[in-house]
Each structure stands twice: as C-alpha cells, then as structure tokens.
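> A structural model of the following input is requested.
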Amino acid sequence: MTVLIAGCGDLGTEVGLRLAARGERVIGWRRSPGRIPEGIEGRAADLTQPLPPIPQDTDVVVIATAAGDRSEAAYRSAYVDATRNVLDALERDGVTPRRILFVSSTAVYGDADGGWVTEQTPAESAAPTARLIREAEEVLLGRTDRGTVLRLSGIYGPGRTRLIDQVTGGSAVLPSEPQWTNRIHRDDAAAAIVHLVLDVHAPAPIYLGSDELPVDLGEVLQFLAAELDLPEPPRGVTSSSRGGARRVDSGLLRSTGFAFSYPTYREGYRAVLAGTGVRHP
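The predicted model follows:
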C-alpha cells in the first residue's frame, strides 16, 4: 500500500515516519524534499502548482498543509487551493484512494462562552482565516465520500515551546479572567492520523483531535513555572486567546479505540521539558 503525505512538514513527517514503521510505502510532498528524512520518499511539490504523478496503488492521502502567514491570501492558498489541487491531481491520474484525510483546526468554531464543542457543533467562526479552513473542509467532503476531516486544537511538542518560552523569558502573564485552552501533543496528533487512516474501518466525516483536559491558560503557566523552578508569572489583563472561549470534546475520536499518550498538558509538557522527541525541519 502507498500513502501520500501532501504537505510533509513537522506533523506530516511524523505521520509518514509512523506509517513507514508499520511497513507502508510513504511518499512525501513538500517544496524542499531534501529535508524529508529517510523512510519517506521525498518529492518536490508546491501544492498550489501542477503536482507530480500519483502512484496508482495510492490507498491513503493525508493533506497536512500550513499557511505561511496569518493573511487571508496565505490561508486560501494553503488550505482551499491546495486541497482542490490535490483532488484534481487524483482525478487527473485516475487514482481513487480508500481514504483522504484533511488536517483541519478547531479554529473553525466560534466563541462558545466556555462551553463544550463536538463534531455536531456548528462551525461558525467569524474569523476570515477560520472560514477559509472550513471552506477547504467543504471542498473535500463535497467531492468525495471517502474524506475524513480531523480538526486539531493547538499543537505543542518538540520545538513548539511558545508557552515555555514565555515563562522562561519572563513575558508570561496569568489571565485575570479564566481563559480556556485546548491542545494536543504533536505525537498524539500524528498517532491519531495514523489510527484513522489505518485502524478505523469506516471513519466518520469529522473528528476532533484534542487532549482529554481543556484547561485554563493560567493553570498551564503556573504548572510550567513550577516544573522549571521559576517564580509564578504575574497576573494581569491579556489579549484574547486565539483558541477562543470553548472546550473541545474529543470523545468521538476516543470511541474508535484511540488512546492518547499525553492525555493532559501535564504529561505532554513534562515530555517536552525532558527533551523527548524531535522537531522535524
């Protein structure tokens, strides 16, 4: 079986390495294929341009793109245009994969006033970039009945140390009001993708990928300060969280048999602080 990773960055590379470890042939597309590690067949590809030929035995496609910046143009190119281009290339080459998984984001949800969101919650974020991610989801699900969308919350892990850097650098501020945050360790995100494309016979159209404990941002910052043996950050007024006021429920993903290696931020950040894992270039 051949698996195509369209967008072989940090997350896509981790997915590819895990698939290769399970004996699958993995092809990875990215602009700089020389950065793709051994075990994945790297191919030069810009997902917004004409794409390389796709092997006829391609059984799974994972679309794992990322915008180069926060502009609407960058998001349209990276998500909407890239997804449409991959689907067009599959049609061009007459390839019908068993499963096409699109890596999305829980940013598609609006502010829920601290309430829970599930796959059934309307994805009605007013943010233009979130609407473009939602449009990319619709492109996939509207063109094939073999599509699966995995909406990930904030990814952290090796090399993704924004909160740690804030605490060590002295710029962290405990919010004066509760600020719900949701996150998933990079390795759990990759494991969830592998699980959905290989181990789940008939996946649902949409899953949420987030650890089992939505948590107030202040609690995470206090935890990191304690783990690093640093003073607790001061409390003050902070800007609104990019994560929005919501709690993400990943119960549907867990109901498929998926188990998190890092079910809460505590296990995950302890692994990051211990230097577990590597950030793929």
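> C-alpha from now on. contacts and neighbour counts both.
Fine.
> Now residue 104. Nearest residue, chain neighbours left out?
Distances taken as CA to CA, 6 or more residues apart in numbering place residue 151 nearest to residue 104, at 4.4 Å, with adjacent residues excluded.
> Sorry, wrong one. I was asking about residue 58.
Nearest residue to residue 58, sequence neighbours excluded (CA to CA, 6+ apart): residue 2, at 4.5 Å.
> hey, what's residue 151 bridged with?
residue 104, residue 208 (DSSP bridges).
> Report how many residues lie close to it.
Counted with other CA atoms under 10 Å, the neighbours of residue 151 add up to 23.
> Thought residue 193 was touching it, still the case?
No - Residue 151 lies out of contact with residue 193 (CA atoms under 8 Å); the separation is 10.6 Å.
> Distance from the lowest-mean-pLDDT helix or strand in the chain to the middle of the chain?
When each helix and strand of the chain is scored by mean pLDDT, DSSP states H and E, strand 235-236 comes last, with a mean of 92. With CA atoms, centre = their mean, to the nearest Å as the basis, strand 235-236 stands 30 Å off its chain's centre.
> And stretch 182-193, by the same measure?
Averaging C-alpha positions (CA atoms, centre = their mean) puts stretch 182-193 7 Å from its chain's average.
> what is the rounded mean pLDDT of that stretch?
For stretch 182-193, mean pLDDT is 99.
> quick revisit: same for the least confident helix or strand of the chain, what does it pack against?
Judged by 3 or more CA pairs under 8 Å, 6 or more residues apart in numbering; DSSP states H and E, the packing partners of strand 235-236 are strand 174-175.
> neighbouring contacts of the strand it packs on?
Around strand 174-175, the neighbours that count as contacts under CA atoms under 8 Å, 6 or more residues apart in numbering are 217, 218, 221, 233, 234, 235, 236, 237, 238.
> Any chance of CSV for these, columns neighbour count and distance to residue 86?
What follows is the contacts of strand 174-175, written out as CSV (neighbours: other CA atoms under 10 Å; distance: CA to CA, whole Å):
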residue, neighbour count, distance to residue 86
217, 20, 37
218, 23, 41
221, 21, 40
233, 20, 45
234, 14, 47
235, 13, 47
236, 11, 46
237, 10, 44
238, 13, 40
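> and the two most separated of those?
Pairwise distances across those peak at 14.6 Å for 221 and 237 (criterion: CA to CA).
> Relative to residue 248, which of the contacts of strand 174-175 is nearest.
Top of the list for closeness to residue 248, among the contacts of strand 174-175 and by CA to CA, is residue 217 at 14.3 Å.
> Which residues are in contact with the closest one?
Per CA under 8 Å, 6+ apart, neighbours of residue 217: 174, 175, 178, 179, 180, 181.
> Excluding sequence neighbours, find me the nearest residue to the first one.
If I follow you right, that is residue 174. Nearest to residue 174 is residue 235, by CA to CA, 6+ apart, at 4.3 Å.
> Quickly run through the sheet partners of the least confident helix or strand of the chain, with directions.
Checking strand 235-236 against DSSP bridges gives partners strand 174-175 (parallel).
> Would you mark the buried spots in the helix or strand where residue 272 lies?
For residue 272, the host element (DSSP states H and E) is helix 265-273. Neighbour counts over helix 265-273 (16 or more other CA atoms under 10 Å) mark 265, 268, 269, 271, 272 as buried.
> remind me which residues of the protein are low pLDDT?
Across the chain, the ranges flagged by pLDDT under 70 are 239-244.
> the helices in it, which residues?
Secondary structure of the chain (DSSP state H): helices at 10-21, 72-75, 82-93, 128-143, 162-169, 186-194, 217-227, 251-255, 265-273.
> looking at these, which is closest to residue 116?
helix 251-255 (11.3 Å).
> Does anything pack onto the closest one? Which helices or strands?
strand 206-209.
> any idea how far the strand it packs on is from the chain center?
10 Å.
> which helices and strands does it pack with?
In terms of contacts (3+ CA pairs under 8 Å, 6+ apart), strand 206-209 is packed against strand 147-152, helix 251-255.
> Skip the chain neighbours and tell me the closest residue to the residue lying farthest from the centre of the chain.
For the chain, the largest distance from the centre (CA atoms, centre = their mean) belongs to residue 231, which lies 31.8 Å off. In this structure, residue 231 finds its nearest non-sequential neighbour in residue 225, 6.2 Å apart by CA to CA, 6+ apart.
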